[in-house]
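Chemist: got a predicted structure plus its sequence, pasted below:
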2 protein chains.
Amino acid sequence: MAARQQSIFKALADPTRRSIIRTLRKGSLTAGELAEQFPITRASLSHHFAILKAADLVRTERRGQHIVYSLNATVMEEMMALLMDLFAPETAGDKKQKGGGAR
Amino acid sequence: MAARQQSIFKALADPTRRSIIRTLRKGSLTAGELAEQFPITRASLSHHFAILKAADLVRTERRGQHIVYSLNATVMEEMMALLMDLFAPETAGDKKQKGGGAR
DNA sequence: CCGTAATTTAGATAATTATCTAAATATTTG
DNA sequence: CAAATATTTAGATAATTATCTAAATTACGG
């Protein structure tokens, strides 16, 4: 559970990946179409895709020889929950931490 | 403007820093009091404090020989705005990006 | 002022990560 | 099946970053 949280925050830490997300808001695109928008190699983009997928921020679907990337629609809600958990004043499911350094 | 956004997402990407934020929800603490909660050196924590401060997620106030850390109260709202900007469907202030790779 | 306590800064190191090129895999079409 | 196209995987490298120890800074109390 904490692992998913970490994967999401990590995924959002990179500006290229945030840019991919913003691009996908307008609609799903194939890896190639996405690649046209970014000045890095397709291999590097593929690496970013994998990280976004691992965080379940995007979903994929094969369509013929293309792979279509879409935003995971439920993500907005999840992010709200994460933010609440981070900033909201003290919830029930909260643990004190001392010597369990998160890393 | 994009720089601040990056500094915030970067700051939140580290689990120790998120833990610091959660700890500060319960109230302001001195650097030393915070240090008691974490299994890393004070020097390392100071580094994390600097990053949180650079993102303006926490504020500091000197009180005698102590330095008191507090959550920046407006941050929740700012994060909402960032999320909207990331996920919400197409705002006015949006720029297309092609060859200006965010980095 | 001097000594002590609190915190940060400097400098070094190890781990992580973003990127590249080259090669591998998967899918369609002739 | 062979050739072409789309995408990912492998392996290497350079940059970033989390952490440490040691030293510097800042403030207080006698």
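Modeler: The structure has been received and is ready for your questions. Numbers count the residues shown, from 1 in each chain, chains lettered A, B, ... in the order given.

Chemist: how about the strands in chain A?
Modeler: Counting by DSSP state E, one finds strands in chain A at the ranges A:29-30, A:58-63, A:66-71.

Chemist: in chain A, where is pLDDT below threshold?
Modeler: Scanning chain A with the threshold set as pLDDT under 70 gives A:1, A:89-103.

Chemist: can you list the residues of chain A near DNA strand D?
Modeler: Residues of chain A lying near DNA strand D by Cβ under 7 Å from any atom of the strand: A:30-32, A:35, A:42-43, A:45-47, A:49-50, A:60, A:65-67, A:101, A:103. Any C-beta I mention is one placed from the backbone N, CA and C, and that applies to glycine too.

Chemist: also near DNA strand C: which of those, exactly?
Modeler: With Cβ under 7 Å from any atom of the strand as the criterion, those include A:Ala43, A:His47, A:Gln65 near DNA strand C.

Chemist: restricted to helices, list those.
Modeler: Using DSSP state H, the members of those that fall in helices are A:Ala43, A:His47.

Chemist: most neighbours out of the ones next to DNA strand C among the residues of chain A next to DNA strand D, which is it?
Modeler: Highest neighbour count within those: A:His47, with 13 neighbours (other Cβ atoms under 10 Å in any protein chain shown).

Chemist: re earlier: closest to B:Ala88 out of the ones next to DNA strand C among the residues of chain A next to DNA strand D?
Modeler: Distances from B:Ala88 to these, taken as Cβ to Cβ, are shortest for A:His47 (26.6 Å).

Chemist: run a quick neighbour tally on the nearest residue to A:Ser46 once chain neighbours are set aside.
Modeler: Spatially, and ignoring its direct neighbours in sequence, A:Ser46 is nearest to A:Ala31 (7.0 Å; Cβ to Cβ, 6 or more residues apart in numbering or on different chains). Counted with other Cβ under 10 Å, the neighbours of A:Ala31 add up to 15.

Chemist: what's near enough to touch A:Ala31?
Modeler: By Cβ atoms under 8 Å, 6 or more residues apart in numbering or on different chains, A:Ala31 lies in contact with A:Arg42, A:Leu45, A:Ser46, A:Phe49, A:His66, A:Ile67, A:Tyr69.

Chemist: let's see 10 Å
Modeler: By Cβ atoms under 10 Å, 6 or more residues apart in numbering or on different chains, the residues touching A:Ala31 are A:Arg42, A:Leu45, A:Ser46, A:Phe49, A:Thr60, A:His66, A:Ile67, A:Val68, A:Tyr69.

Chemist: where's the residue of chain A found nearest DNA strand D relative to A:Leu45, distance?
Modeler: Nearest residue of chain A to DNA strand D (Cβ to the nearest atom of the strand) works out as A:Gly32 at 2.3 Å. A:Gly32 sits 10 Å away from A:Leu45, going by Cβ to Cβ, to the nearest Å.

Chemist: brilliant, that's me finished.
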